[in-house]
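Participant: After the sequence you'll find the predicted model.
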Amino acid sequence: METLLIKERDKQADEIFKKVFHKQLKSYTDVIEMSKEGITKASLMDFVRFLNFSPDQFARLLPITLRTIQRYSGKQRFSPTVSEHIIQLVFLVGKGIEVFGSLEKFMSWFNAPSQALGGNVPSDLVSLKTGTQMVMDELGRIEHGVYA
């Protein structure tokens, strides 16, 4: 089924998956399996380093606390729900890099108030799925030149 294959527009996310999780995604079912299996703390910390964030900064993007992250050993896996959220953030960052042309430019936008998001800072919204989707939708509008 072609709709299950990783789309051309998700190539940046696929590159992040290779760098951070050392996995090549072939389809979105791989994402589901990866979520069910759980992301290890070590992989999460690789993603944190890729973004040049502190663990505290990154914890604010997740539906868990920094203290919870600190309790995990490097090989311990997060729950499917938390793992899925981490994976969605990879897709979000990939989309941001694609839209803005670099991680640095995306991070500048991601950490600044956005009129289109009601004056909210995108990074403040993504600890919940609804906020992550709002930010992803806004990136799509920016990509297509539609400003709210």
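Facilitator: Everything's here; your move. Numbers count the residues shown, from 1 in each chain.

Participant: Val31 contacts Ile86, doesn't it?
Facilitator: No - here Val31 lies out of contact with Ile86, judged by CB atoms under 8 Å, at a distance of 10.9 Å. No exception for glycine: its C-beta is placed from N, CA and C like everyone else's.

Participant: contacting residues for Asn111?
Facilitator: Residues in contact with Asn111, defined by CB atoms under 8 Å, 6 or more residues apart in numbering, are Val121, Pro122, Ser123.

Participant: Of those residues - the most surrounded one?
Facilitator: Ranked by neighbour count (other CB atoms under 10 Å), these have Pro122 at the top, with 24 neighbours.

Participant: Show the pLDDT at the residue nearest the centre of the chain.
Facilitator: For the chain, the residue nearest the mean C-alpha position is Leu89 (1.1 Å; CA atoms, centre = their mean). According to the predicted model, the pLDDT of Leu89 comes to 96.

Participant: For it, what are phi and psi?
Facilitator: Backbone torsions for Leu89, taken as degrees, to the nearest 10, come to phi -70, psi -30.

Participant: mind checking how far it is from Lys129?
Facilitator: Per CB to CB, to the nearest Å, Leu89 is found 11 Å from Lys129.

Participant: Which strands or helices does the least confident helix or strand in the chain by mean pLDDT pack on?
Facilitator: Least confident element among the helices and strands of the chain, by mean pLDDT, DSSP states H and E: helix 11-16 (a mean of 86). Judged by 3 or more CB pairs under 8 Å, 6 or more residues apart in numbering; DSSP states H and E, helix 11-16 is in contact with helix 80-100.
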